[in-house]
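**Student:** test case, fold it:
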Amino acid sequence: MDSHDRAVAVIAASIQKFYTRKEAFRIYHGSTNSTRQSQYQSNRMIDTSRLSNILKVDTENKTALVEPNVPMDALVQATLRHGLILPVVMEFPGITVGGGFAGTAGESSSFRYGFFDRTINWIEMVLANGEIVKASNTDHSDLFYGAASSFGTLGVTTLLEIQLIEAKAYVALTYIPVPSISEAQLLIGISTSDPSIDYVDGIMFS
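**Tutor:** Predicted coordinates:
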């Protein structure tokens, strides 16, 4: 945690300087899934690319303490070693924890657990004035719920505690072809009401 705290202190100090000068800045994560051309000026940028570490997997409480730039594939590999998995795992391996929290990420288990941000217990965030705060559903709850799906507009998320669940060895797949949207909707309704089903996904071809 010492290394993490030092990195966050540097980020907070840089943000505080932008705040004092009343200057806008961009956040550089080190990678992106966006196809748009990114334009960064080094003197108008906060670099969070080094916040890419899994700090702890707590098997007793079934949580993971993770920096925002950890991608899904690395996090899943780390938690599976302890027989645990995230309730919501985004499809693309490169999607990061911070991106999933700030960008409304859902997957085939979201009918049961909600969007990815609903599986987060608390976050550490640097506000626009450089203040470092911890937010959860009981502490700074307005910030905690507001920051989810805000695309980083309320502050720079620097740490997240994620819920984990038991990982099974296999997933049994059942493919059910349907001829219409209405039948697909009916089947989805039935499937999501079945407590034995953990994942629901579908593709409809015209």
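
**Student:** from here on, contacts and neighbour counts on C-alpha atoms
**Tutor:** Noted.

**Student:** in the chain, which spans are strands?
**Tutor:** Assigned strands in the chain, in chain order: 26-28, 45-47, 54-58, 63-66, 84-85, 120-126, 132-136, 156-163, 165-166 (criterion: DSSP state E).

**Student:** got a markdown table for those, with mean neighbour count and mean pLDDT too?
**Tutor:** Output for the strands of the chain, formatted as a markdown table (neighbours: other C-alpha atoms under 10 Å; pLDDT from 0 to 100):
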| stretch | mean neighbour count | mean pLDDT |
| --- | --- | --- |
| strand 26-28 | 15 | 87 |
| strand 45-47 | 18 | 88 |
| strand 54-58 | 17 | 97 |
| strand 63-66 | 22 | 98 |
| strand 84-85 | 23 | 98 |
| strand 120-126 | 22 | 97 |
| strand 132-136 | 18 | 97 |
| strand 156-163 | 24 | 97 |
| strand 165-166 | 16 | 96 |
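
**Student:** gap between the closest residue to I162 other than its chain neighbours and S109?
**Tutor:** Nearest non-adjacent residue to I162, counting by C-alpha to C-alpha, 6 or more residues apart in numbering: I120, 4.6 Å away. In this view, I120 and S109 are 15 Å apart by C-alpha to C-alpha, to the nearest Å.

**Student:** list the contacts for S49?
**Tutor:** Neighbouring residues of S49 by C-alpha atoms under 8 Å, 6 or more residues apart in numbering: Y28, H29, G30, S31, N69.

**Student:** and the gap between the last one and E60?
**Tutor:** Taking C-alpha to C-alpha as the measure, N69 falls 24 Å from E60.

**Student:** for these two, indicate the residue with more neighbours.
**Tutor:** N69 (25 against 6; other C-alpha atoms under 10 Å).
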